[in-house]
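Participant: pasting a predicted model and its sequence here:
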Amino acid sequence: EREAAERAGAWAASLAVLRVGVVVCQLRIDPHVSDALLAHAILPLERLSNAKHAAPAVAALSGARSVASLSHADSSSLEESLGRVGGATLHRVGARTHVLLLPPDREGTQG
């Protein structure tokens, strides 16, 4: 348990050094990883709905490439996979919360 938290913390710290602000995952993010990301002011977005359409849309918007598993990604391949967004805002519609990712050229604007 402690080892998993330490690994997650080290991984989140390495992402923070790369100035990562959002991590998007199609699956559930392990609570250790989620906590570590939040501790480094990185927004973890898990269970990306409609992965068939949403994942390619996020990739097209940001330029990011999918990483199959963090346990197999070294720092150089991870850095090459990073994309860029202009920001992320939360919008509540009824009982559901949606995340709006802004394109890089709209950094600092509200959509």
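Facilitator: Good, I have the coordinates.

Participant: give me phi/psi at Pro44?
Facilitator: When quoted as degrees, to the nearest 10, the phi and psi of Pro44 stand at phi -90, psi 120.

Participant: that one and Val23 touch, don't they?
Facilitator: Yes. In this structure, Pro44 is within contact of Val23 by CB atoms under 8 Å, at 5.2 Å. Yep, even glycine has a C-beta here, placed from its N, CA and C like the rest.

Participant: what do these two both touch?
Facilitator: Common contacts of Pro44 and Val23, defined by CB atoms under 8 Å, 6 or more residues apart in numbering, comprise Ile29, Leu37.

Participant: show me where pLDDT drops low in the chain?
Facilitator: Residue ranges of the chain with pLDDT under 70: 49-52, 68-77, 106-111.

Participant: redo that, cut-off 50
Facilitator: For the chain, the stretches flagged by pLDDT under 50 are 109-111.

Participant: can you give me the helices for it?
Facilitator: In the chain, helices defined by DSSP state H lie at 2-17, 31-39, 51-62, 75-81, listed in chain order.

Participant: point out the most buried one among these.
Facilitator: helix 31-39 (a mean of 18; mean count of other CB atoms under 10 Å).

Participant: distance between that one and the chain's centre?
Facilitator: 11 Å (CA atoms, centre = their mean, to the nearest Å).

Participant: how much does that helix deviate in direction from helix 2-17?
Facilitator: For helix 31-39 against helix 2-17, the angle by axes from the mean of the first three to the mean of the last three CA atoms, to 10 degrees is 30 degrees.
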